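Participant: below: sequence and its predicted model.
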Amino acid sequence: MTQEIVAALRPLLVAEASAEAYAAGAEPGDLEQAVWLRLLERIDADGPPSDPEGWLRVAVREEARRSRRTVRVERPYVTEPADDSGPGPEQLALAAARRRALHAAVRRLPGRCPRLLAALLSPRDLTYREIAGELGMSQGSLGPERSKCLGCLRRLLKSEVAAPERRG
């Protein structure tokens with residue numbers, strides 16, 4: 001029974017929805033969908049309408065009015081879209097984990113290396129002169145000391161990171 005009603009009403013619904021859609025500021029397909037849904041709800045609750053064509057015309061016009069009211073009330077979102085160019089939450093979490101692991105490795109280094117590398121990694125972005133003043137060493141010895149400390153850090157991290165598996 002429902003299939004016969006749907007088949008009989010389809011051409012009329014397409015024509016009515018196309019005629020009303022433009023004035024309502026809606027897509028014809030949206031109006032059609034809404035009316036089909038109302039028809040199915042009506043059939044489930046009260047059975048098929050006694051005058052299906054008349055019911056369909058009224059239903060299309062009611063849906064068009066509803067769409068016009070919605071268009072008047074809704075406002076487009078006019079602010080700038082979210083900036084997706086930056087790193088996402090996963091990348092930020094991974095970067096934070098890498099920073100924590102690096103600072104933990106720096107703290108395990110011998111001698112003056114933890115203080116020197118912590119000063120180099122400082123968010124204050126210290127100059128060599130400021131670092132040398134903080135550590136009580138000459139600015140000229142800072143470069144060689146830094147190289148020695150970076151070598152120690154490299155060896156420490158190399159032993160902690162698993163070597164990649166050979167493929168072949």
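Facilitator: Nice, thanks for sending it over.

Participant: going forward, measure contacts between C-alpha atoms and count neighbours the same way
Facilitator: Will do.

Participant: just say helix, strand or coil for the residue lying closest to residue 120 once chain neighbours are set aside.
Facilitator: Excluding its sequence neighbours, the residue lying closest to residue 120 (Cα to Cα, 6 or more residues apart in numbering) is residue 126, at 7.0 Å. In three-state terms, and counting by DSSP: H, G, I helix; E, B strand; the rest coil, residue 126 is coil.

Participant: so residue 126 touches residue 116, yeah?
Facilitator: No - using Cα atoms under 8 Å, residue 126 is not in contact with residue 116; the gap is 11.1 Å.

Participant: just list the residues touching residue 12, thanks.
Facilitator: residue 53 (Cα atoms under 8 Å, 6 or more residues apart in numbering).

Participant: how close does it get to residue 2?
Facilitator: Distance, residue 12 to residue 2, using Cα to Cα, to the nearest Å: 16 Å.

Participant: quick check: residue 80 vs residue 89, distance?
Facilitator: 20 Å.

Participant: that should have said residue 154, apologies.
Facilitator: 28 Å.

Participant: more crowded one of the two?
Facilitator: Each of residue 154 and residue 89 has its neighbours counted (other Cα atoms under 10 Å); residue 154 has more, 13 against 9.

Participant: so for whatever helix or strand the more buried one lives in, mean pLDDT?
Facilitator: Using DSSP states H and E, residue 154 falls within helix 139-160. Mean pLDDT, helix 139-160: 91.

Participant: that one: how far from the chain's middle?
Facilitator: Counting by Cα atoms, centre = their mean, to the nearest Å, helix 139-160 is centred 40 Å from the centre of its parent chain.

Participant: which residue ranges of this structure form helices?
Facilitator: Using DSSP state H, the helices of the chain run over 2-24, 28-46, 52-73, 89-107, 113-120, 128-135, 139-160.

Participant: hey, which of the ones you listed is tucked in deepest?
Facilitator: helix 113-120 (a mean of 18; mean count of other Cα atoms under 10 Å).

Participant: do you know the pLDDT at residue 58?
Facilitator: Taking residue 58 on its own, its pLDDT is 93.

Participant: got it, and the one 3 residues further on?
Facilitator: In this prediction, residue 61 carries a pLDDT score of 93.

Participant: for it, which non-adjacent residue is spatially closest?
Facilitator: residue 20 (7.1 Å).

Participant: that neighbour contacts residue 64, correct?
Facilitator: Yes - between residue 20 and residue 64 a contact is recorded at 6.3 Å, counting by Cα under 8 Å.
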